[in-house]
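J.: sequence plus the predicted model coming up.
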Amino acid sequence: MWHVDDTLVLDESTVAVEVPASWGAEVSHELRAAGPLGPILAIPGPRLRWLFLARPEPDPRDRVPPPEVRVWLGPRTVPAARSRWVVEPVGALPREGAVRCAIRVVRRRF
């Protein structure tokens, strides 16, 4: 389903929510408690980051992400050289709102 070389290709039915890797395990824990986890891709670089793949929502309430978070809306390509799957892409994608909610919960702890 998902193929990653130097880039991850997102279509219009997918969004990638990027968080610092230091938050990744906590965000995935919160997300798993709320429903389906979905695929997570770790991308190395100056700062390791995790991409949570999700289904976009037409009008998410919290459109502006925190400074440490980036949202990649499809269709587009995301730089992903030397990446690896933290969670393999199997099953349904979570809603973008569920990922954002998990991030808000984790941010309160930092």
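T.: The structure has been received and is ready for your questions.
J.: which stretches of the chain have low pLDDT?
T.: For the chain, the stretches flagged by pLDDT under 70 are 1, 60-63, 110.
J.: what segments of it are helices?
T.: Counting by DSSP state H, the chain has helices at residues 21-34, 96-107.
J.: how about the CA coordinates for the longest one, as CSV?
T.: So that's helix 21-34. The C-alpha trace of helix 21-34 is given here as CSV (Å, rounded to 0.1, in the frame of the first residue of the first chain):
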residue,chain,number,x,y,z
ALA,A,21,10.5,11.7,17.9
SER,A,22,10.8,12.6,21.6
TRP,A,23,7.0,12.8,21.7
GLY,A,24,6.4,9.8,19.3
ALA,A,25,5.9,7.0,21.8
GLU,A,26,3.6,9.1,24.0
VAL,A,27,1.5,10.3,21.1
SER,A,28,1.2,6.7,19.8
HIS,A,29,0.2,5.5,23.3
GLU,A,30,-2.6,8.2,23.5
LEU,A,31,-3.7,7.5,20.0
ARG,A,32,-3.9,3.7,20.5
ALA,A,33,-6.1,4.3,23.6
ALA,A,34,-8.5,6.4,21.5
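J.: and it, how far out from the chain's middle?
T.: 10 Å (Cα atoms, centre = their mean, to the nearest Å).
J.: that one to helix 96-107, inter-axis angle?
T.: Between helix 21-34 and helix 96-107, the angle comes out at 120 degrees (axes from the mean of the first three to the mean of the last three Cα atoms, to 10 degrees).
J.: winner for burial among the helices of the chain?
T.: Among the helices of the chain, helix 96-107 has the highest mean neighbour count (mean count of other Cβ atoms under 10 Å), at a mean of 20. To be clear about C-beta, it is placed using only N, CA and C from the backbone, and glycine gets the same treatment.
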